[in-house]
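> requesting a structural model of the entry that follows:
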Amino acid sequence: MKERIRDALSELDLRRLADGPRPQAAVLMPLFQGCDGGGGGWRLLLTKRTEEVETHKGQISFPGGMREGGEALEETALRETFEEVGIPPERVELLGRFHDYLAVTGVRVTPFAALLRTPFPVTPQVHEVAEVLRVPIETFSDPASLRVEKGSFQGEAVNDYYYAYGAHTIWGLTARIIHDFLEALALGGGGR
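Here you go, the predicted structure:
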């Protein structure tokens, strides 16, 4: 999987939004095999945000946040992952940059695919992270877990994706990034 992701991202014609006055953020798409270092299939680590955070209260998201100063976006993703869930950069192997996205808040978001080296510690930042989810990748390729609704963004018609995982619904920008990422890897995002 690691080489498949690295190869796919290196060959991808990345969609990059121009730098400018809009704020910039970076997120980590952390993949790992098994659960807490055990056997099993590939999983994606996601967080459920608390009700205390400023934006996206209670939503499922990737670890990540706002760029500080002149730091590289990769550094932002690694720093924020450590701050939010306690996974240190030495337990993370960056595999590549993915497309830029514009969030509804006007922030440019740049995701980075990464492999977590198991075992890895998880210590949620209690004011930001209510729960850490370890979601099997198959969840996102199972048509039974996906609902697609028609929506609009900046006057354009778009598909909005909603993935069911237990009692959780993964939606919004996180679901769009996951869908697009799995399509780019030819793993399928559950539908268009």
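> element containing residue 174, please.
Using DSSP states H and E, residue 174 sits in helix 172-184.
> who touches that helix?
Helix 172-184 has contacts (CB atoms under 8 Å, 6 or more residues apart in numbering) with 8-9, 12, 27, 29, 44, 46, 56, 59-62, 98-99, 101, 103-104, 109, 111, 113, 137, 140-141, 160-163, 170, 188-190. Placement of C-beta: from N, CA and C, glycine included.
> residue ranges in this structure under the pLDDT threshold?
35-39, 53, 55-57, 187-192 (pLDDT under 70).
> mind listing the helices for it?
2-11, 73-85, 138-141, 172-184 (DSSP state H).
> just name the most buried of those helices.
Highest mean neighbour count of the helices of the chain: helix 73-85, a mean of 21 (counted as mean count of other CB atoms under 10 Å).
> centre of the chain to that one, how far?
12 Å (CA atoms, centre = their mean, to the nearest Å).
> what's the answer for stretch 7-22, then?
15 Å.
> residues contacting that stretch, please?
With CB under 8 Å, 6+ apart, stretch 7-22 has contacts from 95-102, 106-108, 113, 184-186.
> what's the spacing between the residue of the chain most remote from its centre and residue 81?
Centroid-distance maximum for the chain: residue 155 at 24.7 Å, with CA atoms, centre = their mean. Taking CB to CB, to the nearest Å as the measure, residue 155 falls 34 Å from residue 81.
> ok, residue 151 next?
29 Å.
> and residue 50, by the same measure?
Separation of residue 50 from residue 81 (CB to CB): 17 Å.
> ok, residue 149 next?
Distance from residue 149 to residue 81, by CB to CB: 30 Å.
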